[in-house]
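# this one's structure only:
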């Protein structure tokens, strides 16, 4: 049996007269059953090749692109959400620290945590974006499908990703480790922005850098205040039992040396930040220097109050 399409008229060749209606009805039923089977196969599809093949057949049969597109987006969003949830659960516990609290003695394993988060989530996200374009934006029979679905899913799954990223980057680490982490974030986010421009992540990356620098400066100077408190306490304990005036000078010199060492250590940790070449840090040099000035002034007042109280 052959079918010849001429505009809106369909001619059936080889069908006995009077049976055309029955044949067309049977064909319509078969087409709907085939579409139903293909939709079910689409929901079960586990590979991009299978997805593409099934969707091509559906759309060639006149299926609206909206249905397979919505099904695909829903399925991929669920998979990305579940993957990110598992990755976050696998990270080392992220401690909470109020501003001003001294950082923990052990630095957070930031490089490993970032590698787990980035390598486990970004490649699947980019694969999803590439597959969406191939299935819905680059096919002649899907030319009418816009990119709004891709934008919605990408921005939605990136919300918890960036929330976790900011929590990680706020943990205490040495300055050198922080700079390596920021370089990795900048490199990976540049790839993401280039291959998924619809996500518009530049502002989110700026937030991460600003958050990282604020948290790091707070940690540096919280550590400084704890060191100063120890130095003043040590000086007080050494001076109180002294009865010989000549013994005061060495004790004071020792206390001042401890205070000077604490200040020098804090300032030296800022030098790599001020000398870093990355734009995200250069754009925040004013933040670093002004914060350093304010915190040093507060530290000097802290020393004076500590000496007077003891």
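Arrived safely. Everything numeric in this text was worked out from a predicted model, so none of it was measured.
# ranges for the helices of the stretch 51-200 of the chain?
Assigned by DSSP state H, counting those that start in this stretch, the stretch 51-200 of the chain shows helices spanning 66-90, 110-132, 148-169, 175-195.
# let me have these in TSV, adding distance to residue 275, mean pLDDT and mean neighbour count as columns.
In short, each C-beta sits where N, CA and C put it, glycine included. Formatted as TSV, those follow (distance: least, Cβ to Cβ, whole Å; pLDDT from 0 to 100; neighbours: other Cβ atoms under 10 Å):
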stretch	distance to residue 275	mean pLDDT	mean neighbour count
helix 66-90	33	88	15
helix 110-132	21	93	17
helix 148-169	20	92	18
helix 175-195	10	91	17
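# export those helices to CSV and tack on distance to residue 201?
Listed next are the helices of the stretch 51-200 of the chain as CSV, based on distance: least, Cβ to Cβ, whole Å:
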stretch, distance to residue 201
helix 66-90, 15
helix 110-132, 11
helix 148-169, 7
helix 175-195, 5
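# those: which one's closest to residue 37?
Of all these, helix 66-90 sits nearest to residue 37, with 13.7 Å by Cβ to Cβ.
# show me what the closest one packs onto, helices and strands only.
Under the contact criterion of 3 or more Cβ pairs under 8 Å, 6 or more residues apart in numbering; DSSP states H and E, helix 66-90 touches helix 20-44, helix 48-60, helix 110-132, helix 148-169.
# closest one to residue 200 among the ones you listed?
Among the helices and strands packed on helix 66-90, the nearest to residue 200 by Cβ to Cβ is helix 148-169 (7.8 Å).
# output the contacting helices and strands for the closest one.
helix 66-90, helix 110-132, helix 175-195, helix 202-239.
# would you turn the ones you listed into TSV with distance to residue 101?
As requested, the helices and strands packed on helix 148-169 are exported to TSV (distance: least, Cβ to Cβ, whole Å):
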stretch	distance to residue 101
helix 66-90	23
helix 110-132	18
helix 175-195	18
helix 202-239	6
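# which one, of those, ends up nearest to residue 39?
When the helices and strands packed on helix 148-169 are compared by Cβ to Cβ, helix 66-90 sits nearest residue 39, at 7.5 Å.
# can you list contacts of that closest one?
The contact list for helix 66-90 (Cβ atoms under 8 Å, 6 or more residues apart in numbering) reads 39, 42-43, 51, 54-55, 58-59, 116-117, 120-121, 124-125, 128, 131-132, 135-136, 142, 145, 149-150, 152-153, 156-157, 160-161, 164.
# and with 7 Å instead?
Residues from elsewhere that reach helix 66-90 (Cβ atoms under 7 Å, 6 or more residues apart in numbering): 42-43, 51, 55, 58, 116-117, 120-121, 124-125, 128, 135-136, 145, 149, 153, 156-157, 160-161, 164.
# for stretch 175-187, same thing?
Counting by Cβ under 7 Å, 6+ apart, residues outside stretch 175-187 touching it are 107, 110-111, 114, 169, 208-209, 212, 216, 269, 272-273, 276, 278, 280-281.
# nothing else from me, thank you.
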